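Colleague: The sequence and its predicted three-dimensional model are supplied below.
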Amino acid sequence: MPDTDPRTPRNDPPPDGTGNPPPDETERDDTKRDDSERDETERDETELERADRNFAELLQELRVTQTGVQILFAFLLTITFTAAFPRLDSFQRGTYVTTLLLSVLAAALFTAPAAVHRGLFRQGAKPEIVTVSSRLAAAGLAVLALALASAVLLVVDVVHGTPEGVVTAVATLLVCAGLWAVLPAMMRRRLDGPAERSPGPGRSDHGPAADAR
């Protein structure tokens with residue numbers, strides 16, 4: 001028989017119900033860290049749940065852009081009732097009409113997703129609604145950039161002259177294109193780069209994952 005004293009306490013960790021000692025605290029922390037990193041990169045959601053989330057995010061974006069369109073449209077409507085409007089020349093009047101029509105078109109494009117959703121309500125076409133609405137929003141941003149540039153052309157033309165108005169309008173268009181198109185494209189390319197070099201689990205080696213997050 002082994003020479004052991006039954007009164008001596010043992011330092012063995014208590015079993016976890018299966019006869020095995022509990023996992024080490026370091027391994028437990030590593031497991032929690034891996035789970036948190038996986039939750040940040042992947043969402044546990046179905047295709048319809050993802051479509052619902054994407055459409056809700058799109059509506060939030062449209063609320064921001066529609067505010068700008070409404071302000072611009074209200075500004076254009078008040079111009080016709082000012083005392084200086086009859087003194088506008090033909091070029092300035094043409095610029096005004098062009099800006100007004102662009103604003104109307106931008107407002108129509110930004111409100112079209114709501115009409116598409118209403119027309120296909122309860123038809124099980126939420127992914128298609130998200131795709132079409134995203135394209136409508138992109139087209140609306142392009143038209144809104146033209147409307148802003150045209151409005152700047154009109155105001156600066158009246159205040160300083162046509163050459164200054166053209167330069168300012170081109171600068172406005174370049175700023176909108178840089179912030180609304182070039183900057184997101186650069187960020188997308190930067191995010192897709194590491195995915196192409198070291199694809200994660202479930203990703204193809206031939207390119208970044210195509211699923212929207």
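Modeller: Thanks, I have the structure now. Numbers count the residues shown, from 1 in each chain.
Colleague: CA only for contacts and neighbour counts going forward, please
Modeller: OK.
Colleague: In the chain, where is pLDDT below threshold?
Modeller: 1-42, 194-213 (pLDDT under 70).
Colleague: rerun that using 80 as the cut-off
Modeller: Low-confidence segments of the chain (pLDDT under 80): 1-45, 47-48, 124, 193-213.
Colleague: At which residues are the helices of it located?
Modeller: Using DSSP state H, the helices found in the chain span residues 25-41, 47-79, 90-119, 126-159, 162-177, 183-197.
Colleague: now those helices in CSV, with mean neighbour count?
Modeller: Output for those, formatted as CSV (neighbours: other Cα atoms under 10 Å):
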stretch, mean neighbour count
helix 25-41, 11
helix 47-79, 15
helix 90-119, 18
helix 126-159, 20
helix 162-177, 17
helix 183-197, 13
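Colleague: Quick one: residues contacting residue 58.
Modeller: 133, 134 (Cα atoms under 8 Å, 6 or more residues apart in numbering).
Colleague: how close does it sit to residue 134?
Modeller: 7 Å (Cα to Cα, to the nearest Å).
Colleague: can you check residue 83 too?
Modeller: Residue 83 is 41 Å from residue 134, by Cα to Cα.
Colleague: now swap in residue 142 and tell me
Modeller: Residue 142 is 13 Å from residue 134, where distance means Cα to Cα.
Colleague: Also residue 102?
Modeller: Between residue 102 and residue 134 the computed distance is 19 Å (Cα to Cα).
Colleague: try residue 65
Modeller: From residue 65 to residue 134 the distance is 13 Å (Cα to Cα).
Colleague: Residue 144 too?
Modeller: Residue 144 is 15 Å from residue 134, by Cα to Cα.
Colleague: Likewise for residue 62?
Modeller: Here the criterion is Cα to Cα. By it, residue 62 lies 10 Å from residue 134.
Colleague: Same question for residue 78.
Modeller: Remark: distance between residue 78 and residue 134 (Cα to Cα) = 32 Å.
Colleague: and stretch 47-55, how far from the chain's centre?
Modeller: Mean-position distance between stretch 47-55 and its chain equals 14 Å (Cα atoms, centre = their mean, to the nearest Å).
Colleague: sorry, that was for stretch 178-190
Modeller: Using Cα atoms, centre = their mean, the offset of stretch 178-190 from its chain centre is 11 Å.
Colleague: tell me the contacts of the closest residue to residue 105 other than its chain neighbours?
Modeller: Leaving aside its sequence neighbours, residue 105 sits nearest to residue 143 (Cα to Cα, 6 or more residues apart in numbering; 7.2 Å). Counting by Cα under 8 Å, 6+ apart, residue 143 touches 102, 103, 105, 106.
Colleague: From residue 123, how far out is residue 61?
Modeller: Relative to residue 123, and taking Cα to Cα, residue 61 is found at 24 Å.
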